[in-house]
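A.B. asks: A structural model of the following input is requested.
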Amino acid sequence: MSKRTKGISILATVLLILAAATAVAAQTPTTTPAPETPTIVTQTPTTTITQTPTTVTKTVQNPDGSYTVIEYPLKKETVVDLTPVAITNAKGVATILRDDTGTRVIVNMTDVPAEVKAINLYAVDDTGTITSLGPVVLANGTGKFSATTPLSKFMLIAAPDESLTAYDPNAKIYFRSAVPAGFAVIPHSTSAKGETVSASTTPGTTPASVTTVPMLNIPVFKKGDETKIKVNFSGAMAGARANVFIEPHKNGKETEVNMRFHDLKQAPDGKVYVLWAVSADNQFFKLGEIYNAKGRNEAEIKANTSLDDFGLLVTMEDAGAIKTIVTPVGDRLGVIEIVP
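C.D. replies: Here you go, the predicted model:
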């Protein structure tokens, strides 16, 4: 084969190969990529909650539980357990109701030992000041008490001493009030309340200690009957009215005294009105006191006494000294007389 013929043959072969390749390419479908679908990312907003810790301040009682002063809510009954201290197996409960006229304290005790002959109830406020509420009436192992106090922040203690002047480790205590669930102890305050005024005699009045107090002749009163007594006030209480109801031997040997004041005038600053029972041998027993209360012209003192016979006396005393005095030293304001 000549070189020319051989070249033509090679060229023809190349052309055949190219034609075959073109035909195959024509038969192969062309795939066009689908357009990309955009991915939508939804971001859920993140809410960050910052919790501020709540700090509840609750005053801790003395380690021995001896300080239990709380503030009693207005117009709500509070039941308080009385914890026995220097008395065994006895039980006590106080029901306390505070309203616009004062704080009513009702106490019931059970299983009181027979050797316990006297229990006196006191209120201790957040300054440590003691207020005598009166004696508990004891009979057959039970004790009952009812009185009203102007205090709103206090604890209760019961003691055999009828003239307790200090609540300290040396005092013999039969009961003390516990702290009810949900109540916080009121911090102890060292600041004195009210204004301390030195004793003075108002012109036209006579100091109580100068004159004797007439007896009411209680033995002739009928047991279970109330006797109404009127009071003629003088000095700072001139113009005020009061009804006194005396019921002898209401609970055993005790005599109940209920004194209700009307048109009551506000005591001078630093002064309180005090009701005393006076025995035939001129011994004085504090039955209760009335503190100033702006806008209040009525008040009540309800107490019991075991004296066989006694007189009643109303005086005006220094508020700063009322917790410690055991005999009246201020002005005599009330003369007690039986209604004819």
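A.B. asks: domains of this structure?
C.D. replies: Using automatic domain parsing, the domain parsing of the chain gives 61-191, 194-340.
A.B. asks: Pipe these into TSV and attach mean pLDDT and mean neighbour count per row.
C.D. replies: C-beta: built from backbone N, CA, C; applies to glycine. Formatted as TSV, those follow (pLDDT from 0 to 100; neighbours: other Cβ atoms under 10 Å):
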stretch	mean pLDDT	mean neighbour count
domain 61-191	87	17
domain 194-340	73	17
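A.B. asks: Helices along the stretch 151-300 of the chain, start to end?
C.D. replies: With helices called from DSSP state H, counting those that start in this stretch, the stretch 151-300 of the chain shows none.
A.B. asks: tell me the contacts of Glu162?
C.D. replies: By Cβ atoms under 8 Å, 6 or more residues apart in numbering, Glu162 lies in contact with 118, 120, 132, 135, 285.
A.B. asks: Would you mind giving both backbone torsions of the third one?
C.D. replies: Think Ser132. Backbone torsions for Ser132, taken as degrees, to the nearest 10, come to phi -70, psi 120.
A.B. asks: surely it meets Asn120?
C.D. replies: Yes: counting by Cβ atoms under 8 Å, Asn120 is a contact partner of Ser132 at 6.9 Å.
A.B. asks: so what's in contact with the two at the same time?
C.D. replies: In contact with both Ser132 and Asn120: 162, 164, using Cβ under 8 Å, 6+ apart.
A.B. asks: So which residues of the stretch 1-150 of the chain form strands?
C.D. replies: 70-71, 77-84, 91-99, 102-110, 119-124, 130-139, 142-149 (DSSP state E, counting those that start in this stretch).
A.B. asks: Tabulate the ones you listed in CSV, adding columns for distance to Lys223.
C.D. replies: Formatted as CSV, the strands of the stretch 1-150 of the chain follow (distance: least, Cβ to Cβ, whole Å):
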stretch, distance to Lys223
strand 70-71, 39
strand 77-84, 30
strand 91-99, 27
strand 102-110, 23
strand 119-124, 23
strand 130-139, 15
strand 142-149, 17
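A.B. asks: All the strands of the stretch 201-340 of the chain, residue numbers only.
C.D. replies: Counting by DSSP E, counting those that start in this stretch, the strands of the stretch 201-340 of the chain are 206-207, 227-233, 241-251, 254-262, 271-278, 284-290, 299-305, 311-318, 331-338.
A.B. asks: Val220 is in contact with Thr227, correct?
C.D. replies: No: using Cβ under 8 Å, Thr227 is not in contact with Val220; the gap is 9.6 Å.
A.B. asks: In a markdown table, list the strands of the stretch 201-340 of the chain along with distance to Met155.
C.D. replies: Converted to a markdown table, the strands of the stretch 201-340 of the chain look like this (distance: least, Cβ to Cβ, whole Å):
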| stretch | distance to Met155 |
| --- | --- |
| strand 206-207 | 34 |
| strand 227-233 | 33 |
| strand 241-251 | 25 |
| strand 254-262 | 25 |
| strand 271-278 | 21 |
| strand 284-290 | 18 |
| strand 299-305 | 20 |
| strand 311-318 | 24 |
| strand 331-338 | 31 |
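A.B. asks: And those strands: which comes nearest Lys144?
C.D. replies: Among those, strand 241-251 comes nearest to Lys144, with 6.5 Å by Cβ to Cβ.
A.B. asks: Contacts made by the closest one with the rest, please.
C.D. replies: 137, 139, 144, 216, 218, 221-231, 233, 255-263, 304, 312, 314, 334, 336.
A.B. asks: rerun at 6 Å
C.D. replies: Contact partners of strand 241-251, identified using Cβ atoms under 6 Å, 6 or more residues apart in numbering, comprise 137, 139, 218, 221, 223, 226-227, 229, 231, 255-263.
A.B. asks: next one: stretch 87-104
C.D. replies: Here stretch 87-104 makes contact (Cβ under 6 Å, 6+ apart) with 72, 74-75, 77-80, 82, 84, 105-112, 148-150, 152, 156, 174-175.
A.B. asks: do that again at 7 Å, thanks
C.D. replies: Stretch 87-104 is contacted by residues 72-75, 77-82, 84, 105-113, 116, 148-152, 156, 174-175, 177, 296, 298 when judged by Cβ atoms under 7 Å, 6 or more residues apart in numbering.
A.B. asks: nearest spatial neighbour of Thr129, skipping sequence neighbours?
C.D. replies: Closest residue to Thr129 apart from its sequence neighbours, by Cβ to Cβ, 6 or more residues apart in numbering: Lys323 at 5.2 Å.
A.B. asks: Just confirm that neighbour contacts Ile130, I think it does.
C.D. replies: Yes: the pair formed by Lys323 and Ile130 meets the contact definition of Cβ atoms under 7 Å, at 5.3 Å.
A.B. asks: where do the contact lists of these two overlap?
C.D. replies: Thr165.
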